[in-house]
Structures are given as structure tokens and as C-alpha cells.
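Q: sequence plus the predicted model coming up.
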There are 2 protein chains.
Amino acid sequence: MEYLDNIGKRAQAAKPDLQHLKSEEKNQILRKSADDLKLHAAEILAANEKDMEKGRINGMSQGLLDRLLLTEDRIAQIAEGLYQIAALDDPIGEVLGMKQRPNGLRIGQKRVPLGVVGIIYEARPNVTADAFGLCFKTGNVVILKGGSDAFHSIQAIVTCIRRTLSEANVNPDALLLIEDTSRETTAAFMKLNQYVDVLIPRGGAGLIRAVVENSTIPVIETGTGNCHIFVDASADLSMAVDIIINAKTQRVGVCNACESLLIHREVKDKLLPVLAARLQEKHVEIRGDQEVCELVPDAVTATEEDWGKEYLDYVISMKTVDSVDEAIAHINRYNTGHSEAIITESYTNSQKFLDEVDAACVYVNASTRFTDGFEFGFGAEIGISTQKLHARGPMGLLALTTTKYIIYGNGQVRP
Amino acid sequence: MEYLDNIGKRAQAAKPDLQHLKSEEKNQILRKSADDLKLHAAEILAANEKDMEKGRINGMSQGLLDRLLLTEDRIAQIAEGLYQIAALDDPIGEVLGMKQRPNGLRIGQKRVPLGVVGIIYEARPNVTADAFGLCFKTGNVVILKGGSDAFHSIQAIVTCIRRTLSEANVNPDALLLIEDTSRETTAAFMKLNQYVDVLIPRGGAGLIRAVVENSTIPVIETGTGNCHIFVDASADLSMAVDIIINAKTQRVGVCNACESLLIHREVKDKLLPVLAARLQEKHVEIRGDQEVCELVPDAVTATEEDWGKEYLDYVISMKTVDSVDEAIAHINRYNTGHSEAIITESYTNSQKFLDEVDAACVYVNASTRFTDGFEFGFGAEIGISTQKLHARGPMGLLALTTTKYIIYGNGQVRP
């Protein structure tokens, strides 16, 4: 496809320009981009109004309209994100583990940009500047393909940042937008291996599945979270209640929220009445097994489907178990590899849980809500990987880098 | 597909059994597997003779027949590989970078197995034990899909190792073989995401391309090598000749052999006569640009196609360039991201080459033939990755592992 081929070639041409930039030059441009977004807010808001108008006419839901909406404040937040990225350490150029081999060769791994990163997302205009910031900081060219519902907003943000790049005498093709939002072009983009090193989908489960199934470019998969908390027989029950309330209700629509609770049979009588009352204050619906339903009059009987479900809502499933082993087996069967927690005072069970639960993040005595790039101290987040290759768990700037071996010799040949 | 579904379920069931094994237990089983392969060599050789017989009838080439052939000696070599893997350090269980966050959470990354590794290969029976050894050492279940031409040999090796596992009271499903070698089954295997964490193709370019294009499971791609050497104006020409002869002729059929030479115009007159004479001793055909052909009477004129070609043969392409920049641009256009070398005495040009050449391994003043897991000191090699995600360059045991975050709390909730 000629259109994409042209975009790919421009990305490749911009790659060396980016790699020549020093950290301080990159940071200045990030700060200038943030300034300019605020300066040209009117332009961006006008474009956003076009998308909003179309959304209203097409009967877009209130929730989606809110995600689409930009305001002066939200633009200031987007700019703040870029200032923060500018303030982070630049991971590029570090040489890891340089060692001398017996033949005198010195071999080390140098951290370098991936090259060209493709990002496919939906109707969240803020992802535009965020993705640019993370990729630019790590010396990567980024090709964006945003949702058609946010087309004008995305285009306006891209235009503004590209202008900043040009004014700074940096190749504006460091940020490229696929303006053709047809399905055919999107499908072809996922097979642009010749030009694109990695593809990152940012959005709902449907988008991610479509990218995983159709892309021939390596994908960094960010995923859904069916996160469990297991309350062991030895748990401090007051700590357990606080953690469960936090993990379930502090924010319900996020992937690190708790969706399912496992309770050791020995503590169900003590825990459930207190916990159920606290959950009901927050209007959380409980879907339980028979024993839970006997103790919680308002609980609904859980079906098999409930154990595998990411509600993203004021709903929680609950099951009683006989042991940490049963809890681990249940979690490893139904979880999505995101975040899992045990509440226990047992040393042996805490270690067993950490060892045997198969997930990106496994907690003892803490809320699953901490699975987050900022909470982990990375200063930025590209997403949370629930796959096992390249990056697992919250991804910071390092996930947008790779390494190359650099080898210093003085005439070595292989015997 | 019920057959594969059953294999996938058995792999998942074997996973926890493997993860409970201590390093010393794994090493004992690796050594016992090696002993048993030698003990049952007659069984394996009889099976191999069936494959050889079929190959001869089907007119298989001499080269392929030789790759298929097993002998007592070759079985001893396969066993030796397993002893060596047993002797390596076990990377599983190491905790990296545990840090305390301001809220008291302690967060670290624990190295863990990938889980279930799928390996698709061709008619090299030795890959069978090698793949098992690397996966078993790192606590991974392995599902093998070998070439139908080596079916009986592979089956005999798998049977022998599974017997060793059973005798050691380890779940023999740590090693699973897909015995249905039909195309439909192979295609369905590449989409077994539910059970398989990563797929590694080991074989020629065609096999690798087919896996990359059709697999929905994440793939670790091992690749071809169109490796270049650039002789700079300031090069020690005698060192250059030695390195070129080594990189081109020490072994021609391997991915880290040199396929293309770039020569700074200032040194062509001095270098080429000496180099051409040395290459001709080894019967290497030279395909050069006009300037090369003028200096080397026997050289053939190179076509555009030559610049992108991995010959894997006694052939080398040669081009004159005006600068290190021109050399880098040519390499970044035509290389396959494998191994590239500069021969120079210039500090500035050596750093420029290391910085700007986009490849897994970039050398100064050494032969590209060193790109190898053993030469890099890993003690084992799964392959050489020419992609940028997860692993780049020679892959040792670490490439078969991932990490999970383990988090120790004492009641933390997110504010």
C-alpha cells in the first residue's frame, strides 16, 4: 500500500536524526512541545469540538464523550505529562555488563532505541502526546493510528507537536500520524514489518485481541486484569478488609482493581459479615458460592462465568477455599496474569504464594492497585504487560528500548 | 483441534511439577538423560536408519542426509551437550533490583520460567535433546514439532528422555512431541496461545518466515545474517585481511560469516591485490563494483541483488565507499540486523560505527564469527535473535526466562 509505504519510509529516514539528539536536546523539545500545546489550546479545542459534535450526533455514550472531551485543564494535564517525561533519566546509551573474554574481546550491551514504534489506540486524544513523549524520550520514531472518533483532536495535537519539532530543526517525522482510518489501512499497518519494529495497542480488550491476532509485527500486549485477593486462615482480618475495600472500590474501572476474592474456610464466619457491610456501603454487588451466600443474605449466586470475569464495575465474586494450594490452583486457572495478592501472617504460605502464582505482580499484604508504573517508581507508564516476553508488569521507558552488543577487539579471529 | 488441546492441557499440568524441582534435581535428570541416550543408542540408531532409508528413497540431497544421520559419535555429542547444560548456573529464582518504595512496599523482579515453550524445527534430530535440555534447565515445559523427515529419530530420542523422566519420578510431559506432522496441525499449533507462552522456530529462512507470519503466539525470531566488514582508510591492512579471511572462510554456511565487504576508496589499491590473492587460495568468488573489478581481474560484476544476499557459500560481495558515513548508510540499508564490523585505527570512526550501525552485534577490529552464545560466554545457545524484542543477539538460558514482580507489604493501600 503506497500510502503506508511512504509513511514507513519517512519513519526510517527520521530514525538517524533522532538518534543523534543528546538527552538535553530531547528534554528541551519535550518541554517546548508542552508549552506549545498550551499556547495553541484554542486550535486543539476547536478541533475537539468537531469530534464532540459528531459524537453527539452519532449518539455516543456519555462515558465515551467524556473520554473524548478536551478542556483547557485537560490540555494542561497533557502538557504536565510531557514536562514529567522530560524530567526523567534518559535510559539510552547505558552500557550494561561489559566484560572481557579470555581472548581479550570486550563485550557489553548498549541500551538503544527500538527504532520505529507503532501505536494503535482508540478515542482518547491524550494518548497522542503521551505516546509521542515516551517514544521521543527514548529516541524512537512513533507512528500513530488513532480512533476515527477522535480524528480531528488527534490531528490537531500532532500538527502542533510537529510544528514544535520543525521549529527546533528536528525532523518532524519523529511523529507520524496515519490519517487514513479505514479498516484496510489499519490491517495493512499491522503487517508493516519492513518499517515498524514493534506495535503497541492501547485500548480495550477487543482492540488488543485484534492486534495480537492480525499483526505480523512483534506486539507488546497490554492486558485485562482479573485480579484476586486470597484471605488466608492466619490473615489479620482488619488489614484484609482495608485492602479489599481499597483494591475493589478505590477506582473500579481499572485493570488492577480486585475482581475476585478467595476466603479460607476457617475465617469466613469472622470476615464475611464485616466485609459485606463495608462493601455494601460502597454499593458493591457480591456474587458468591453457596457458603458465601449463606453468610451474606444479599449475595447473588456466582456462576462459572463469574470466576473468569473482569467486571470493571461495583461487583466482586467470592469463593471459599480449604487451603493456600486450592487458592493458588484457582487463581492460576482463572486469572489473566495481571496482579494477585495474599493476606496472611504465615511465612510459609506467603512464600508459596509468591513462588507459585503465575502473574506479572504477586503481592503479600498489599492492595493490587499498586500495579502501576508511577507507583513502582518508573516515573512514566506505557501500559501494563500481561505477557511474558520483553516486558512483564508495569512498563516504563525501558520497555521502549532494546540493546545491542558492542564488541571491542584488536584483531581477534575465531580459531 | 482435540489432539493439540490434549497436548496443551498435559503441558499445563506438567508446569507446576517442573517449577518445584530444585537446581540439583534438574541437573541430575539432565545428566541421567545424557547417560540413557548413550545407553539406548542402538534403539535411536535403528529409528534413524528408518528415516535415512526413506530419505534415500525420496532422493534427499547428500547435505540433508548428512544432517539427518545419527551415529554413536553424534549421540555422544548430543549427550555431551546435556552434560554441559547441567553444569551451567541455574538462572531461575534470582531476584533483581529489590527496592523499598517511600510507602514501605518492597518491590523486586524474580526470574521465573516462561512456562510452556513451543519449538518448531526441521530434520535435525540433535535439536530434540538440545531444546529439551535448555528448556528443562530453565524450568520450562517444551512442546516439540520436528520435521517429518526425521520423525522416527526424533520420536526415539523423545521416548528415551521421557523414560528417564518417569524413572526419576518427574512428570514425563515436561517433554511433549507433536506426532501428527500434518500441515493443518502445524498451523493450529502456531495459534495455541491458550497453552503456549512462546514459539521458537529453529531452521532455515522459509520456516522462520512461515512462523512469524502465521503464529499468534509471541515468537522469538532467529534470523539470517548478511554480515558486513568495513575496512576504513586508517585500518591496519594486515589485520583487515586476517579478519576478512576468518569471517568469510573459517566456516561458510553459518549466519555470522561475512557476506559483504566495504572498502574505503583510499585503501583499495593496497588492500585488494593482497586480499584477492588470499581469497582465491580459498576459492572464494568475488562479486565487486566497477572499481573492485578493475583491480581484481577475476571478479564478477555485482548486481543490486548481491548487496542484499546471504550467500552461505564461497562468495563475497565488495563495494568501495568514500567514508564511514557511506559505509554505515549502506549497511543499515542492506543488513539483516545480525553482525557488522569495522576495521579502523580511527577513534572517532570506531565510535560512530558502534553508535550508528543498527545490528544485534557491532564489532571494532574483530571477526563477525564471534557472534555465538559460547563465544560470548553463555555456555549454551538457543539461537541468535535478529529482532529487537525480549532478546537480541546470541541467546543463552536467560532468553528462556521471564520475570515477575514480587511485592512485600504490611497492609499498604493506595491513597
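A: Cool, the structure landed.

Q: give me the distance between A:Tyr3 and B:Val170.
A: Applying Cβ to Cβ, to the nearest Å, the value for A:Tyr3 to B:Val170 is 55 Å. Just so you know, the C-beta spots here come from the backbone N, C-alpha and C atoms, and that holds for glycine as well.

Q: domains of chain A?
A: Per the record's domain assignment (automatic domain parsing), chain A is made up of the domains A:2-221+A:395-407, A:227-370.

Q: could I get these as TSV with distance to chain B, mean pLDDT and mean neighbour count?
A: Listed next are the domains of chain A as TSV, based on distance: least, Cβ to the nearest Cβ, whole Å; pLDDT from 0 to 100; neighbours: other Cβ atoms under 10 Å in any protein chain shown:
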stretch	distance to chain B	mean pLDDT	mean neighbour count
domain A:2-221+A:395-407	4	94	19
domain A:227-370	3	97	20
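
Q: hey, where'd the helices end up in the stretch 301-415 of chain A?
A: When assigned using DSSP state H, counting those that start in this stretch, the helices of the stretch 301-415 of chain A occupy the ranges A:304-307, A:324-334, A:347-356.

Q: now tell me what touches the second one from outside.
A: When contacts are taken as Cβ atoms under 8 Å, 6 or more residues apart in numbering or on different chains, the neighbours of helix A:324-334 outside the stretch itself are A:226, A:228, A:230, A:232, A:260, A:262, A:264, A:307-308, A:319, A:321, A:340, A:342, A:344, A:346, A:349, A:352-353, A:356-359, B:16.

Q: from chain B, how far out is A:Arg392?
A: In this structure, A:Arg392 lies at 5 Å from chain B, with Cβ to the nearest Cβ, to the nearest Å as the measure.

Q: give me phi/psi at that residue?
A: Here is the backbone geometry of A:Arg392 (degrees, to the nearest 10): phi -140, psi 130.

Q: OK, contacts around the nearest residue to it once chain neighbours are set aside?
A: Of all residues beyond its chain neighbours, the one nearest A:Arg392 is A:Ala360 (4.8 Å), with distances taken as Cβ to Cβ, 6 or more residues apart in numbering or on different chains. Taking Cβ under 8 Å, 6+ apart, we find A:Ala360 in contact with A:337-339, A:371, A:384-386, A:392-393, B:404-405.

Q: max-length strand in chain A?
A: With secondary structure taken from DSSP state E, chain A has its longest strand at strand A:401-412.

Q: who does that strand pair up with?
A: According to DSSP bridges, the neighbouring strands of strand A:401-412, each with its direction, are strand A:106-113 (antiparallel), strand B:361-366 (parallel).

Q: what's next to that strand, contact-wise?
A: Here strand A:401-412 makes contact (Cβ under 8 Å, 6+ apart) with A:91-92, A:95-96, A:103-114, A:138, B:236, B:239, B:242-243, B:354, B:358-367, B:370-371, B:376, B:388-389, B:392-394.

Q: return the distance of that strand from the chain's centre.
A: Between the centre of strand A:401-412 and the centre of its host chain there is 32 Å, according to Cα atoms, centre = their mean, to the nearest Å.

Q: that one to helix B:347-356, inter-axis angle?
A: Inter-element angle recorded for strand A:401-412 and helix B:347-356: 140 degrees (by axes from the mean of the first three to the mean of the last three Cα atoms, to 10 degrees).

Q: then strand A:401-412 to CSV, C-alphas only?
A: Extracted in CSV, the C-alpha atoms of strand A:401-412 (Å, rounded to 0.1, in the frame of the first residue of the first chain):
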residue,chain,number,x,y,z
THR,A,401,14.4,0.2,24.4
THR,A,402,16.4,-2.7,23.2
THR,A,403,20.1,-3.5,23.5
LYS,A,404,22.9,-4.2,21.0
TYR,A,405,26.1,-5.9,21.7
ILE,A,406,29.2,-3.7,21.2
ILE,A,407,32.4,-5.5,20.9
TYR,A,408,35.9,-4.0,21.1
GLY,A,409,38.7,-6.1,19.6
ASN,A,410,42.3,-5.8,18.5
GLY,A,411,42.4,-8.2,15.6
GLN,A,412,40.8,-11.3,17.1
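
Q: is it true that A:Leu45 touches A:Leu69?
A: No - contact criterion Cβ atoms under 8 Å: A:Leu45 and A:Leu69 do not qualify, at 9.8 Å.

Q: overlap in contacts of the two?
A: Between them, A:Leu45 and A:Leu69 have no joint contacts when contacts are counted by Cβ under 8 Å, 6+ apart.

Q: can you redo the contacts of A:Ala360 as CSV with distance to B:Asn332?
A: Formatted as CSV, the entries for the contacts of A:Ala360 read as follows, by distance: Cβ to Cβ, whole Å:
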residue, distance to B:Asn332
A:Gly337, 37
A:His338, 39
A:Ser339, 41
A:Thr371, 38
A:Ile384, 33
A:Ser385, 29
A:Thr386, 34
A:Arg392, 31
A:Gly393, 33
B:Lys404, 36
B:Tyr405, 36
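
Q: nearest to A:Asp197, of those residues?
A: Sorting those by distance to A:Asp197 puts A:Ser385 at the head of the list, at 16.4 Å, by Cβ to Cβ.

Q: burial measure for that closest one, as a count.
A: The number of residues packed around A:Ser385, counting by other Cβ atoms under 10 Å in any protein chain shown, is 23.

Q: which residues touch the residue nearest to it when sequence neighbours are not counted?
A: Using Cβ to Cβ, 6+ apart and skipping residues adjacent in sequence, the residue nearest A:Ser385 is A:Ala391, 4.6 Å away. Under the criterion of Cβ under 8 Å, 6+ apart, the neighbours of A:Ala391 are A:220, A:385, A:398-399.

Q: and A:Ala391, how far is that from A:Arg162?
A: Distance from A:Ala391 to A:Arg162, counting by Cβ to Cβ: 28 Å.

Q: A:Ile92 and A:Pro113 touch, don't they?
A: Yes - when contacts are counted by Cβ under 8 Å, A:Ile92 is listed as touching A:Pro113 (6.3 Å).

Q: shared neighbours of those two, anything?
A: Common neighbours of A:Ile92 and A:Pro113 (criterion: Cβ under 8 Å, 6+ apart): A:138-139, A:401.

Q: for A:Leu176, grab phi and psi.
A: Phi and psi for A:Leu176, reported as degrees, to the nearest 10, are phi -120, psi 140.

Q: so it makes contact with A:Asn6?
A: No - when contacts are counted by Cβ under 8 Å, A:Leu176 is not listed as touching A:Asn6 (9.9 Å).

Q: so what does A:Lys145 look like in phi/psi?
A: phi -130, psi 100.

Q: contacts only, for it.
A: By Cβ under 8 Å, 6+ apart, the residues touching A:Lys145 are A:118-121, A:177-178, A:181, A:185-186, A:189.

Q: quick one on the thing from earlier: pLDDT value on the residue nearest to A:Ser385, please?
A: In this prediction, A:Ala391 carries a pLDDT score of 93.

Q: distance of it from B:Leu400?
A: With Cβ to Cβ as the criterion, A:Ala391 and B:Leu400 are 16 Å apart.

Q: can you check A:Ile161 too?
A: A:Ile161 sits at a distance of 40 Å from B:Leu400 (criterion: Cβ to Cβ).

Q: now A:Ala188: closest residue in space that isn't a chain neighbour?
A: The spatial neighbour of A:Ala188 that comes closest, neighbours along the chain excluded (Cβ to Cβ, 6+ apart), is A:Met1 at 4.7 Å.

Q: what's the answer for A:Asn256, then?
A: On the basis of Cβ to Cβ, 6+ apart, the spatially nearest residue to A:Asn256 that is not a chain neighbour turns out to be A:Thr371, at 4.2 Å.

Q: tell me the angle the helix or strand encompassing A:Arg10 makes with helix B:347-356.
A: In this assignment (DSSP states H and E), A:Arg10 forms part of helix A:2-19. Here the directions of helix A:2-19 and helix B:347-356 differ by 140 degrees (the same axes, to 10 degrees).

Q: run the chain-centre distance for helix A:2-19.
A: Relative to the chain's own centre, helix A:2-19 is displaced by 26 Å; criterion: Cα atoms, centre = their mean.
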